[in-house]
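A.B. asks: Here you go, sequence then predicted model.
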Amino acid sequence: MIDELRKEIEEARRSFVHELEGVPSPETLAALRERFLGRKKGRVSLLLARLRECAAAERPLAGQAVNELKAFVEEALAAAPARAAAPAGEWRDPSLPPSRLPAGGEHLIAAIQRRIEDIFLQLGYEIARGPEVELEDYNFTKLNIPAHHPARDEQDTFFLEGHDEMVLRTHTSPMQVRYMLEHRPPLKIISPGKAFRKDDPDATHSPCFHQVEALLVDRGVRFSHLKGTLEAFCRSFYGPDIVLRFRPGYFPFTEPSAEVDISCFLCRGRQDRAATPDPACRVCKGSGWLEILGSGMVHPQVLRNCGIDPEEYSGFALGMGIERVAMVKYGVPDLRLLYENDLRLLGQFG
Amino acid sequence: MKINVEYLKRFVACGLEDGALRELLAGLGLGTEEVLQVGGETVLDLETTPNRPDWLSHYGVAREIAAKDPGLRFTPMDLAAVDLGAPGDGFAIHIEDPADCRRYSGCIVRDLAVRESPPDVQKLLVSLGLRPINDVVDASNLVMMTCGQPLHIFDLERLRGGQVRVRRARAGEALRLLDERDVTLDGGHLLIADGERPLALAGVMGGLDSGITPATRHVFIESACFDPVVIRLGARSLGLKTDASHRFERGMDAEATLPALRMALRLLSRSQGRALKPSFFQDAYPRPQSRPAIRLEKDFPARFTGMDISAADAAAVLQRLGFALRDDGAAWQVTSPSHRVDAECREDLVEEIARVLGYDRLQGEMPLTANPVLRVDEARPRLQRLKARLAAAGFQEVINYVFQSPEENRLAGAEERPLALKNPLGRDFSVMKNSLVPGLLRNTAANADQGCDRVALFEIGNAFADEAGRVVERRRLALSAYGQEQRPDWRLAGREFDLAWLKTELAALAGLLRLEFAFRAAAHPLFRPGACFRVDCGGRPGGWCGEVAAAASGLHKLERPVFAAELDLEALLAGSGERRFQPWNRFPAARRDFTFRMARARSFQELDDAIAGLRPAALESYELTDVYQGPGLPADQVSLSLSFTYRAAERTLTGEEVNEAHRGFTGRLAAQLGLIQR
């Protein structure tokens, strides 16, 4: 019973506050007083009358609650005329500005990574994550970069004290090795994450950076499948009219390999202007092309190292740097800014 | 690699303008890093890749151009007339281990007058970034730039014992190099020695003592092919990197030693003004190389690329590149030219064909491959929801390096075996982080220094540990809050961040993920004693939260308190497993309030624990509804109000039953904790 009563008291309080808001004159104020404090039919009186229905033990508590309501109504009615009489009343200006509530967000790198992942997920790829401290064997040797290979010079590597067989992974490719060792084709994965190279931080280098790599292995996978996949990705990510250019490149773990450029999405992004780059373009610097990623057909030795027969299967792999995307697509001029974590930059994105 | 365009065109008569030439080279995989104009000539600085040592010469680049355009031919210098002579008495070349040195060709030329090179040679070398020294040294440099083969020329009169030996150094042997550095050697270094002592670091740098001087009269010219790994390890161990070592460690053409010697003789003959003829010549080539043929199915290039490549086109390209083809029915047996040390498998040949025909012929097509069982990542949308919640609460994501300073690691507790980098970028980045919070503190300080009065951050990343010799990385979510939670304005009161706010946010996060957090008072070096809680998630330790200890916030001179948490992200994302429908209790609930005074020395946690111990069966839940301190209360007490909800599973409780249960329960609670009911 007491719960029911409490509910009604609360309801009465709400409707009183609501009606008081809408009272414009002393006459209506009097009517409001009657409706709530009227001796016989006032809502407060009616609630008091219902106390009898409560169990004896609950009655004091219930009575206290009704009396509190009565005091509240009386106090509010007493204050109301003064408020109504004041010449300006309370200044209520709906055009006042909204309060500013804080807004957080995603780091630009995380936001880009999520967008790239989303596209590949829609293409039916799975996400595979691996450790950042990786076996040297997976990071290099299994990827056809034997010890003492000059290609290791291009990926200056961090080593750990007391863990001679481990490195900070220099790319996310070792995840591909892990996945190939554990699964049979067909394989269709992306491996996003952090990678590390011993580079002093400057405008275009960071000792810690992010990559997304994709790997597809199946029977009959061709170089043209790589290009088709990249076209699908780039047109989704950079714009529907993007054109790709493949240039021969070298990665020890792919053969043939290709460096991939896209037509500048700013000055050549629209079909009607696609033919000629703008010499003053701030994105492509007038070349009309943007270097965005490396790719190739998985080297047969890498497949063999991972227990896959290259006579039966073939595959492609591609990898892109997320920081590079931040620079090219979002105009961040210096990689170091991405790791300073200044809210003035981070608040612009994500 | 610097290429003088005019010099290049001596070896391939292409009429391309510089821009078109750059485009053609780029299409072959040779990007131009920089275009230089030196003395009126165009020099291209080409980006070469480690698999193509043959590109490190004008010959190599000329061969590529000739392969690309069937109308062009590669025309090396005609050296047929240069006579190397024959082995003579009184001198000999010895290779101690053919594994270290595949070939060593050398000759002796007598009665030279060391002088300046002709002006055109000097100009050419300058354009390639080399300093002309004298005609002997210049000849060896020009040979290397022309055909790629590094030479070394010794002052014959400094050689003792009438011999050169290619051998490993003995431990402790010393050598003063051409750059006047003294090095001490061991068995990892390959030497050129005479009968008595080391003369040169093979394939890397010559010795000062046997170098060419203006007084040199007779010379010994070395043209050799060393093992790549031996050269690389030897040079690296001494911190050396030279034009020669750069080439040798990528693999040199063993067939190039003799043409290179001839070229050197030809250049020297010109500068000396007479046809030089060696008085001694020897070609030590203990195991002439033979390379296995690569089998290439004729349809493989088209099949593997999806490009429209006919067998005839494929064969023509390979032949233009110098590969030898033997027809084997459905396949060719392909033998690489000696300068192509990179070509090992049929896929290498496909790249050659595709690249010379042009990658622009490649048309994209979508693969039909599908994962037969698509594993949908359930954790990912949970992570996105979690991040969205944090963003809505005003937390900004940051990303820091995975390494930090040892001091920062120590904030999160002394480690038995910190995971240190062997070769860090500096002390500030020398250990793998054991906690993400120190990074957040650093970011907080940086933003506070920029005048930001509300700094609420989060980071998702790994914390690392060495556990029994194994590197363990755990994905964590860390949060921090500093300064003003709400800035005061015309409508809202200003509010500083506090621990209760952080715990509320964490509880909200847990609720969003349908998890329950329990906060247990605990101790952790990152947090102030008494303001530190272990966060249990589903009954298991899931992280920490609290007010950051003065030592930690003091590291960055933060003046106001920082509130932070670090949680096990995998536990958050794993969730509580698959759920099934639970019917809810349809019987009415009854609420009873309980307001009482409690000694300040007690904590809510004690109260909570006591309630857990005493709770009657009908108590469904309870919440804290008010805390009062101040006038009307003894100084050592606070007033709390709890609201209890009672409900039975199987029936409606009567008011009397509820009252009885409530009275008995609160009475015992009051007695246990010395509470005074109001």
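C.D. replies: Sure thing, it's come through.

A.B. asks: Verify the stated contact: residue B:428 with residue B:404.
C.D. replies: Yes - the criterion here is CB atoms under 8 Å, and residue B:428 meets it with residue B:404 at 7.1 Å. Using the backbone N, CA and C atoms, a C-beta is placed for each residue, glycine as well.

A.B. asks: Between those two, which is the more surrounded one?
C.D. replies: Neighbours per residue, other CB atoms under 10 Å in any protein chain shown: of residue B:428 and residue B:404, the larger number sits with residue B:404, 22 against 15.

A.B. asks: what pairs with the more buried one across the strands?
C.D. replies: Beta bridges link residue B:404 to residue B:431, judged by DSSP bridges.

A.B. asks: which strands and helices sit next to the helix or strand harbouring residue B:247?
C.D. replies: Following DSSP states H and E, one finds residue B:247 within helix B:243-248. Packing contacts for helix B:243-248, counted by 3 or more CB pairs under 8 Å, 6 or more residues apart in numbering or on different chains; DSSP states H and E, involve helix B:135-147, helix B:228-237.

A.B. asks: Give me the contact list for that helix.
C.D. replies: For helix B:243-248, the external contacting residues (CB atoms under 8 Å, 6 or more residues apart in numbering or on different chains) are B:53, B:56, B:144, B:148, B:150, B:152, B:203-205, B:225-226, B:228, B:231-232, B:235.

A.B. asks: for stretch A:257-265, same thing?
C.D. replies: A:223, A:226, A:230, A:234, A:238-239, A:241-251, A:269, A:274, A:277, A:281, A:283-284, A:287-297, A:318, A:329, B:351, B:359.

A.B. asks: Tell me where the model's unsure across the chain.
C.D. replies: Looking at chain A here, since you left the chain open. Across chain A, the ranges flagged by pLDDT under 70 are A:1, A:23-24, A:81-88, A:269-275.

A.B. asks: I was thinking of chain B, sorry if that wasn't clear
C.D. replies: Applying pLDDT under 70 to chain B flags the ranges B:576.

A.B. asks: one more time with 80, if that's ok
C.D. replies: B:87-89, B:289, B:374, B:414-417, B:575-578, B:678 (pLDDT under 80).

A.B. asks: Tell me how it divides into domains.
C.D. replies: B:2-68, B:92-284, B:294-360, B:379-574, B:590-677 (automatic domain parsing).

A.B. asks: Distance to residue A:126 for those - can I get that in TSV?
C.D. replies: Formatted as TSV, the domains of chain B follow (distance: least, CB to CB, whole Å):
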stretch	distance to residue A:126
domain B:2-68	32
domain B:92-284	38
domain B:294-360	24
domain B:379-574	11
domain B:590-677	42
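
A.B. asks: Nearest to residue A:62, out of the ones you listed?
C.D. replies: Among those, domain B:590-677 comes nearest to residue A:62, with 11.4 Å by CB to CB.

A.B. asks: Please compute how far that closest one lies from its chain's middle.
C.D. replies: Domain B:590-677 has its C-alpha centroid displaced from the chain centroid by 59 Å (CA atoms, centre = their mean, to the nearest Å).

A.B. asks: And the strands in the stretch 201-350 of chain A?
C.D. replies: A:208-218, A:244-248, A:254-263, A:289-298, A:314-321 (DSSP state E, counting those that start in this stretch).

A.B. asks: cool, the stretch 101-250 of chain B as well?
C.D. replies: B:101-109, B:151-155, B:163-168, B:174-176, B:182-184, B:190-193, B:198-201, B:205-206, B:219-226.

A.B. asks: Quick check: the residue of the stretch 551-678 of chain B found nearest chain A vs residue B:646, distance?
C.D. replies: As assessed by CB to the nearest CB, chain A sits closest to residue B:655 within the stretch 551-678 of chain B, at 5.1 Å. Distance, residue B:655 to residue B:646, by CB to CB, to the nearest Å: 10 Å.

A.B. asks: higher neighbour count, the two?
C.D. replies: Shown here are residue B:655 and residue B:646; by other CB under 10 Å, residue B:646 has more neighbours (23 against 16).

A.B. asks: Can you tell me the SS state at residue B:505?
C.D. replies: Under DSSP: H, G, I helix; E, B strand; the rest coil, the three-state class of residue B:505 is helix.

A.B. asks: circling back: could you dump the helices and strands packed on helix B:243-248 to TSV with distance to residue B:183?
C.D. replies: Listed next are the helices and strands packed on helix B:243-248 as TSV, based on distance: least, CB to CB, whole Å:
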stretch	distance to residue B:183
helix B:135-147	21
helix B:228-237	9
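
A.B. asks: Would you tell me which one of those helices is buried the most?
C.D. replies: helix B:135-147 (a mean of 24; mean count of other CB atoms under 10 Å in any protein chain shown).

A.B. asks: now that helix and strand B:151-155, what's the angle there?
C.D. replies: For helix B:135-147 against strand B:151-155, the angle by axes from the mean of the first three to the mean of the last three CA atoms, to 10 degrees is 170 degrees.

A.B. asks: related to what we said a few turns ago, relative to residue A:105, which of the domains of chain B is closest?
C.D. replies: Residue A:105 lies closest, by CB to CB, to one member of those: domain B:379-574, at 4.9 Å.

A.B. asks: Convert the lengthiest helix in chain B to PDB, retaining C-alpha atoms only.
C.D. replies: In chain B, with assignment by DSSP state H, the single longest helix is helix B:655-673. Output of helix B:655-673 as PDB, limited to C-alpha atoms (Å, rounded to 0.1, in the frame of the first residue of the first chain):
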ATOM      1  CA  GLY B 655       4.200  -5.800   4.600                       C
ATOM      2  CA  GLU B 656       4.600  -7.500   7.900                       C
ATOM      3  CA  GLU B 657       7.100 -10.000   6.600                       C
ATOM      4  CA  VAL B 658       9.100  -7.300   4.900                       C
ATOM      5  CA  ASN B 659       9.100  -5.200   8.000                       C
ATOM      6  CA  GLU B 660      10.200  -8.000  10.100                       C
ATOM      7  CA  ALA B 661      13.000  -9.100   7.800                       C
ATOM      8  CA  HIS B 662      14.100  -5.400   7.500                       C
ATOM      9  CA  ARG B 663      14.000  -4.700  11.200                       C
ATOM     10  CA  GLY B 664      15.900  -7.800  12.100                       C
ATOM     11  CA  PHE B 665      18.500  -7.400   9.300                       C
ATOM     12  CA  THR B 666      19.200  -3.700   9.900                       C
ATOM     13  CA  GLY B 667      19.300  -4.300  13.700                       C
ATOM     14  CA  ARG B 668      22.000  -6.900  13.200                       C
ATOM     15  CA  LEU B 669      23.800  -4.700  10.800                       C
ATOM     16  CA  ALA B 670      23.700  -1.800  13.200                       C
ATOM     17  CA  ALA B 671      24.900  -4.000  16.000                       C
ATOM     18  CA  GLN B 672      27.800  -5.400  14.000                       C
ATOM     19  CA  LEU B 673      29.100  -2.000  12.800                       C
END
